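1. This is a predicted model, with the sequence first.
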Amino acid sequence: MDDTDTLPEALAEEIRARVFGLGFIRLTQTLTREGRPFRISLRPVRVKGEALTQAEMRDGAQSQTRNLSEPAARKGLEEILAQRGKRELHLVTAEGDLHVRVTKRGRPLVSRGRPKAAGAPPPPAAHDRVKRQPLTDFDAAPLLRVLGIAADDGTIRASMRGKYDQVNALLRAVEPLLPEAPPPSFTVVDCGCGKAYLTLALQRFLTLAKGWPDVRVLGIDRNPDVVAAARAQAQALGVEGAVSFQAAEIAAADWPKAPDLVMSLHACDTATDDALIAAVRSGAARILCLPCCQHELHHALTGGGPMRAVLRHGILRERLADLLTDTFRAQALRVCGYRARVMEFVSPEATGRNLLIRAERGLRPGLGEAVAEYRALCDFWGVRPYIGRLVADDAP
Ligand SMILES: C[S@@+](CC[C@H](N)C(=O)[O-])C[C@H]1O[C@@H](n2cnc3c(N)ncnc32)[C@H](O)[C@@H]1O
C-alpha cells in the first residue's frame, strides 16, 4: 500500500460535500475482501421524523443495516474514503452521478453522469419504513440498459417504470426461497421466460448482490423470436455461459436434473401446470409460480344447485375458477411432497391476478391425507383439473 491508494483530497472533499448536501440519494462502495464481494452503501432515511443515514454492509451473504446519526455517518464515510486497493465508488445525487473506479495500482478513474431525468427512480421518500429495492443492491446499470429498462445515461425510462417495479417485486418474492449461505452452485429453470427480464435479473442479482459463485439459468419459451432476443441480451451482458435458452414447449424441453429453483412467471393457462408438472418430475427443490390467465376451470365449472347463482355471473365464475385453479395447484404440490404457500404478490391495485405460489420440497410425497383432500375437492366441484397429472389416477 502507498499513499497513491487513497482518493485525492479534492475528490474526497467533493464526496463529503455531496453526501451531506441537499439531493444526496446514495453512495455505494464495492470491493472484494478475502475473495468475497464486500459492499457498503449509505442513503438518507427518515425514521420517526428524524433525518438519519442508513448504512448497509454486505459481506458475502451476510448483511447488516444500521441507521446512523450525522456524526456516526460522517465517521462511516471517512472509513469508506480511507479504504485502499481496487474498489468502486458510485455516488448518486440529484445533481448527477459520480463514478470512481480505483484500479489495482491505486489510480482513480473518475466519470460523471448527468442529473436523473423525470423517469429516474425517486430518492428515498421521507417515510418511516424504507422499502428495499433489490435492483439497487448491486450495480444493475448494465442489466437495465441491456433490457431497455434504462436509457443510455442510466435513467429509468418512464415507459419502463412498471417493468422496473415488477423486476424488484419478483426479486423480493424469490428471496424467502433462497438458501442463507451461498451454495457452491445454483441452477434455475425459468418456464415461459419471454423476453427474459426476470431470467437475467435473477442471475445478475444472485451473482452480484448475493455474491453466489456459480448461478446457471435456463430460460424456456416456445416462441423462437423471444428466445433469439433473450440470447442476444445474455450475450450483450457477457453471461451467455451462465444463462442459456431453449425454444421449446415446457412439457417437451430438455431439463436439468433436480434444479434448485423452477420459476413459472405469468405463463398462460395450463402452461403454468406444465411448468409445475415438469418441476416436480425433475425433482426441483423449490418452485416459484405466478399464475396468469386461466381458462381450464372457467369452462369446466358447471356446479348446479346453490352454485348456479354464483356461476351465472361471468366475473364471479372467473374469480372462482382462478381461486380453485390455484387451490388445486397448491394441493397437488402438497401431494407431491412440497410445502406450498399461496400469497399475495403485488397489491391488488396493480393487478387482480396477484397471487403467487411458493413451494419447497420437504414433505413425504403421497401423504394419504393430502391425496384425500385433493380428491374431495375434485368431487365437490365435479372437475378433473389438468394439474391432476401429478396425482395418481387423477389425470383429466
Ligand atoms: C406473458 S409471457 C411471460 C414472460 C415472462 N415470464 C415474464 O413474466 O415477463 C408468457 C410466455 O410464456 C410462453 N409460453 C406460453 N406457453 C408456453 C408453453 N407451453 N411452453 C413454452 N412457452 C410457453 C409465451 O411464448 C410467452 O413468451
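-> Nice, I can see it. Residues are numbered from 1 along each chain as shown.

2. burial measure for residue 108, as a count.
-> Counted with other CB atoms under 10 Å, the neighbours of residue 108 add up to 16. In this view, the C-beta of every residue, glycine as well, is placed from N, C-alpha and C.

3. from memory it sits against residue 9, does it?
-> No - Residue 108 is beyond contact range of residue 9, at 11.7 Å (criterion: CB atoms under 8 Å).

4. all helices for the stretch 1-150 of the chain, in order.
-> Remark: helices assigned in the stretch 1-150 of the chain by DSSP state H, counting those that start in this stretch are 9-19, 70-81, 141-146.

5. Figure out which of these is closest to the ligand.
-> Ranking the helices of the stretch 1-150 of the chain by proximity to the ligand (CB to the nearest ligand atom) places helix 141-146 first, at 14.6 Å.

6. Now do that closest one: which elements does it pack against?
-> Using 3 or more CB pairs under 8 Å, 6 or more residues apart in numbering; DSSP states H and E, the elements in contact with helix 141-146 are helix 197-204, helix 224-237.

7. so what strands line up beside the following helix or strand past the longest one?
-> Read in the C-terminal direction, the helix or strand following helix 224-237 is strand 243-247, with elements assigned using DSSP states H and E. As defined by DSSP bridges, the strand partners of strand 243-247 come to strand 215-221 (parallel).

8. what's around residue 390, how many residues?
-> So residue 390, with other CB under 10 Å, has 25 neighbours.

9. Would you reformat the helices of the stretch 1-150 of the chain as a markdown table and include mean pLDDT?
-> Output for the helices of the stretch 1-150 of the chain, formatted as a markdown table (pLDDT from 0 to 100):
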| stretch | mean pLDDT |
| --- | --- |
| helix 9-19 | 85 |
| helix 70-81 | 89 |
| helix 141-146 | 94 |
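
10. Buried deepest among those, which one?
-> Among these, ranked by average contacts under mean count of other CB atoms under 10 Å, first place goes to helix 141-146 (a mean of 19).

11. Using PDB, list the CA coordinates for that one.
-> What follows is helix 141-146, C-alpha atoms only, in PDB (Å, rounded to 0.1, in the frame of the first residue of the first chain):
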ATOM      1  CA  ALA A 141     -27.000  -0.300 -14.700                       C
ATOM      2  CA  PRO A 142     -25.600  -2.700 -17.400                       C
ATOM      3  CA  LEU A 143     -28.600  -5.100 -16.900                       C
ATOM      4  CA  LEU A 144     -31.200  -2.300 -17.000                       C
ATOM      5  CA  ARG A 145     -29.600  -0.800 -20.200                       C
ATOM      6  CA  VAL A 146     -29.500  -4.100 -22.000                       C
END
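
12. re earlier: return the most buried member of the helices and strands packed on helix 141-146.
-> helix 197-204 (a mean of 26).

13. elements contacting it?
-> Helix 197-204 sits against helix 141-146, helix 161-174, strand 186-191, strand 215-221, helix 224-237, strand 243-247, strand 261-265, with contacts defined as 3+ CB pairs under 8 Å, 6+ apart.

14. With respect to the ligand, which of those lies nearest?
-> Of all the helices and strands packed on helix 197-204, it is strand 261-265 that lies closest to the ligand, at 3.7 Å by CB to the nearest ligand atom.

15. After that closest one, which helix or strand is next? Please name it.
-> helix 270-282.

16. the inter-axis angle of that next one versus strand 215-221?
-> 140 degrees (axes from the mean of the first three to the mean of the last three CA atoms, to 10 degrees).

17. is helix 270-282 anywhere near the ligand?
-> Yes - on the criterion CB under 6 Å from any ligand atom, helix 270-282 is in touch with the ligand at 271, 274.
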